[in-house]
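Asker: Give me the fold of what follows.
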Amino acid sequence: MSEAGSSKQGIQVISRAVKVLRALEGKPDGLSLSAIASEVDLPRSTVQRIVGALATEGFLISASPTSRVRLGPSLVSLGSAAKVDIDRVILPYMKRLSREIEETVDLSVQDGNSMIFIDQVIADSQKLRAVSGVGDAFPIHSCANGKAILASKSDSEITAILANASFTKLTPYTLSEASSLQIEIEKIRKKGIAFDREEHCEGVCAIGIAIEDPYGRNIAISIPIPSVRFNRNKREISEKLIEYKAIIEKALGASLQ
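Answerer: Below is the predicted model of the structure:
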């Protein structure tokens, strides 16, 4: 076989292995070899060879005595390493953005119907500032970052995410009904940016935007702002956030090359 032919065959094997892994995504009970073969449109014998190779490396493990397989622990360590790398890519831009707008910048990730704050750059230049704790969880319907993530999803995905949401009214301004939230989501889709107008905490507003993560996490950047500064700075900060979304997504893409 020629070098070009060998290279092409190697790429095909990798592509097929990725298809098998993706077929098992979101299936904690696993799938049988026949079910995987049907999902990826490959012969069962081919799937069996791929599954055997992936299992040897710990990427797949047995899910039942009846030959079902599921994603394995080696993927967890790879995912954790990827998360750390991505956060390291984003953090310098968060610091630069915080210096330019003189406000705190938060990084968060969706977890079901909540947004978890995973990193933060605090603006020391402001005596009055809004700060959320790293590790805090906000209901997705009540915060700018959460609404930005929802707006990036299809209507069916939004319905699934909000299926178990309580729509707790945290302040008099919280959008506590699915219909009013959907109207807000349509506005966000048009503008590309989300606002929290004292919906999670009275006296605190926020501006948020979803970031396209090459590893598939639903992440967002948000700027919490005391309400006394919100209206006069809203346009400038929104423009900066849109600018940095493009910069960060470009940097994340470059980090994979």
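Asker: for the protein, which spans come out with low pLDDT?
Answerer: Filtered on pLDDT under 70, the chain yields the residue ranges 1-8, 10, 64-66, 76-85, 129, 254-257.
Asker: Mind splitting it into its structural domains?
Answerer: Using the TED database, the domain parsing of the chain gives 2-72, 84-255.
Asker: List the buried residues of the stretch of helix or strand residue 221 belongs to.
Answerer: Assigned by DSSP states H and E, residue 221 falls within strand 218-226. Using 16 or more other Cβ atoms under 10 Å as the test for burial, strand 218-226 gives 218-225. (Each C-beta comes from the backbone N, C-alpha and C, glycine too.)
Asker: The helix or strand following that strand versus strand 218-226: what angle between them?
Answerer: Helices and strands here follow DSSP H and E; after strand 218-226, the next one along the chain is helix 227-255. Helix 227-255 runs at 150 degrees relative to strand 218-226, counting by axes from the mean of the first three to the mean of the last three Cα atoms, to 10 degrees.
Asker: list the helices and strands helix 227-255 packs on?
Answerer: Here helix 227-255 touches helix 73-101, strand 194-201, strand 204-212, strand 218-226, going by 3 or more Cβ pairs under 8 Å, 6 or more residues apart in numbering; DSSP states H and E.
Asker: need those in CSV with distance to residue 236, can you?
Answerer: Listed next are the helices and strands packed on helix 227-255 as CSV, based on distance: least, Cβ to Cβ, whole Å:
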stretch, distance to residue 236
helix 73-101, 7
strand 194-201, 14
strand 204-212, 10
strand 218-226, 11
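Asker: Compute the first-to-last residue distance for stretch 120-139.
Answerer: One end of stretch 120-139 sits 18 Å from the other (Cα to Cα, to the nearest Å).
Asker: swap in stretch 137-151?
Answerer: 19 Å.
Asker: can you tell me how far the residue nearest to residue 114 when sequence neighbours are not counted sits from residue 246?
Answerer: Spatial nearest neighbour of residue 114, chain neighbours left out: residue 137 (4.3 Å); criterion: Cβ to Cβ, 6 or more residues apart in numbering. Using Cβ to Cβ, to the nearest Å, residue 137 is found at 28 Å from residue 246.
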